[in-house]
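[1] The sequence and its predicted three-dimensional model are supplied below.
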Amino acid sequence: MAAKEFLAPPGTSEVLIKSTFCVPPAKVFKAVIDPGQIPSWWGPERLSTKVKKMEVRKGGEWRFIQSDGDGKEYAFRGIYHEVLPGKELVFSFEYEGRPGRVSLESMKFEGREGKTELTEKMVFTSVEDRDAMVDEGMKDGALESLDRLEKLVGC
């Protein structure tokens, strides 16, 4: 597994996640924007993910619903603000179970010697919102998703 870094500096409203994949950016980007591939990597493996909406274009909406073995559902949604194929995605992210706690996220895909350096930056509306997400297991969920994505793209 490639090195992954999760940074949530105290007193800030940001989270930064860095990871490296052994394949070019186009392959990682495709897995991130392909509704057919989302259930294979998005979120913890113990949850199943269904893509309800995924319009990968500026102004397009996305909505995913995860469910556990007992049928409990967790829904997430957002809007794409920027889509630069193979390079960057910028979108909002909201967990419907905590309405109003919205973050703005960017994912930058940089090619280096045939590999992809992925930098994800999440900016929350407050330090309290960011801390609450981190306290609810954001780090483990994000890193597990990246491990699953890495496996999916063939690293």
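    The structure has been received and is ready for your questions. Numbering: from 1, shown residues only.
[2] Residue 31 reaches residue 155, doesn't it?
    No. The criterion here is C-beta atoms under 8 Å, and residue 31 misses it with residue 155 at 11.2 Å. Just so you know, the C-beta spots here come from the backbone N, C-alpha and C atoms, and that holds for glycine as well.
[3] and the two? which has more neighbours close in?
    The neighbour comparison of residue 31 against residue 155 (other C-beta atoms under 10 Å) goes to residue 31, with 21 against 17.
[4] so how far is residue 94 from the closest residue to the more buried one other than its chain neighbours?
    Distances taken as C-beta to C-beta, 6 or more residues apart in numbering put residue 37 closest to residue 31, at 4.8 Å, once the chain neighbours are dropped. Between residue 37 and residue 94 the distance is 22 Å, computed by C-beta to C-beta, to the nearest Å.
[5] Name the surrounding residues that touch the helix-or-strand element of the chain with minimal mean pLDDT.
    Ranked by mean pLDDT, DSSP states H and E, the helix or strand of the chain with the weakest confidence is helix 127-135, at a mean of 91. If you take C-beta atoms under 8 Å, 6 or more residues apart in numbering as the criterion, helix 127-135 is touched by 8, 11-15, 95, 98, 101, 103, 122, 124.
[6] now with 6 Å?
    8, 13, 101, 124 (C-beta atoms under 6 Å, 6 or more residues apart in numbering).
[7] that older thread, could you tell me the per-residue confidence at the residue nearest to residue 31?
    Looking at residue 37, its pLDDT reads 97.
[8] where does it fall, phi/psi-wise?
    The phi and psi values for residue 37, taken as degrees, to the nearest 10, are phi -100, psi -20.
[9] what's around it, how many residues?
    For residue 37, using other C-beta under 10 Å, the count is 16.
[10] I'd say residue 40 and residue 152 touch.
    Yes. Residue 40 is within contact range of residue 152, at 5.2 Å (criterion: C-beta atoms under 6 Å).
[11] Neighbours of the residue nearest to residue 57 when sequence neighbours are not counted, how many?
    With C-beta to C-beta, 6+ apart as the criterion, residue 57 has its nearest non-adjacent residue at 5.8 Å, and that residue is residue 83. When neighbours are counted by other C-beta under 10 Å, residue 83 registers 18.
[12] do the same with the one 4 residues further on
    Residue 87 is surrounded by 15 other residues when neighbours are defined as other C-beta under 10 Å.
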